[in-house]
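Engineer: Model the structure of this input:
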Amino acid sequence: MKKKWAAVIAITLAAASITQHHYAARYDKTPKNTSKLTSQQRLNKLLASHPQCFYDVMGMNKHVFQALLRELIKHGLDDTRHVSAEEQLGIFLYPCDYLSFAVREETTRCIVLDKY
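Structural biologist: Prediction:
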């Protein structure tokens, strides 16, 4: 009898947990991305930041970023109506280095300090 009650309680708790998770994911409408900075402003701030923070986020040094940008512009990368060539490169590079970014503790500290 005790085993049946233990199983019933375990199933009830699991169902409650799943329901709470479903509710939080679907109905909690707290804004997530609330930065007032545009991606160009964020990139400018990052370019002006400490070299290690830039490297941690972009996966390359600032001078390499600038050289790559010049090379891509030479080969046809151009500003669009709303997005600069520099911003396009930053948007491309950020997810390329995201996995190693997520692992590094120092990067997280730089990003948190940068945002707050």
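Engineer: which stretch of helix or strand covers residue 90?
Structural biologist: Using DSSP states H and E, residue 90 maps to helix 85-96.
Engineer: Tell me how many other residues crowd residue 26.
Structural biologist: For residue 26, the neighbour count with other Cβ atoms under 10 Å is 8. C-betas here are computed from N, CA, C, even on glycine.
Engineer: picking up where we left off before, tell me which residues in the helix holding residue 90 are buried?
Structural biologist: In terms of neighbour count (16 or more other Cβ atoms under 10 Å), helix 85-96 has its buried residues at 85-90, 93-94.
Engineer: could you redo those as JSON lines and give each row distance to residue 74 and pLDDT?
Structural biologist: Listed next are these as JSON lines, based on distance: Cβ to Cβ, whole Å; pLDDT from 0 to 100:
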{"residue": "85", "distance to residue 74": "11", "pLDDT": "93"}
{"residue": "86", "distance to residue 74": "14", "pLDDT": "93"}
{"residue": "87", "distance to residue 74": "18", "pLDDT": "90"}
{"residue": "88", "distance to residue 74": "15", "pLDDT": "90"}
{"residue": "89", "distance to residue 74": "13", "pLDDT": "89"}
{"residue": "90", "distance to residue 74": "18", "pLDDT": "87"}
{"residue": "93", "distance to residue 74": "18", "pLDDT": "81"}
{"residue": "94", "distance to residue 74": "23", "pLDDT": "75"}
